[in-house]
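>>> okay, here's the prediction I keep looking at, along with the sequence it came from:
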Amino acid sequence: MGKLVGIVEFIQGTVEKGANTVEGVHRSLAAKPYEALKSVPPLNGVASSVQALQDSLIGGFYDVVRAVSSGAGETAKVVAERIEGGAEQQDKDRIWK
């Protein structure tokens with residue numbers, strides 16, 4: 001692995017870890033109002049349902065962030081490999097695999 005590919009992988013890993021951390025904080029903060037609402041008996045069921053929906057939406061959003069990051073990282077790796085390893089040899093390798 002070359003220097004550029006290593007940098008791309010480092011950045012990609014950092015974005016992944018950052019997204020996971022931010023998602024955890026987001027979920028924690030978003031749960032606070034529901035804790036209060038669930039203590040009111042008539043609102044308990046509705047609050048739980050809305051919280052479950054919100055948790056699902058939060059998870060979906062961060063899944064998209066990770067997917068976009070992964071796609072961009074894979075594209076950047078291909079470019080870095082072509083720069084580092086010489087595009088011509090890599091094209092030959094891909095054709096004969």
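Thanks, I have it.

>>> what's the pLDDT at I83?
What the model reports for I83 is a pLDDT of 84.

>>> show me the contacts for it.
Counting by C-beta atoms under 8 Å, 6 or more residues apart in numbering, I83 makes contact with L4. No exception for glycine: its C-beta is placed from N, CA and C like everyone else's.

>>> any idea how far it lies from G2?
Separation of I83 from G2 (C-beta to C-beta, to the nearest Å): 8 Å.

>>> go on, P33?
P33 is 49 Å from G2, where distance means C-beta to C-beta.

>>> also S70?
The gap separating S70 from G2 is 20 Å, by C-beta to C-beta.

>>> what's the burial count for E74?
Other residues near E74 come to 12 when the count uses other C-beta atoms under 10 Å.

>>> mind checking how far it is from L29?
Going from E74 to L29 by C-beta to C-beta gives 32 Å.

>>> now swap in Q51 and tell me
Applying C-beta to C-beta, the value for Q51 to L29 is 12 Å.

>>> same check, this time on N20
15 Å.

>>> assign the most centrally placed residue in the chain to helix, strand or coil.
When C-alpha atoms, centre = their mean is applied to the chain, the residue found nearest the centroid is R66 (1.9 Å). Per DSSP: H, G, I helix; E, B strand; the rest coil, the secondary structure class of R66 is helix.
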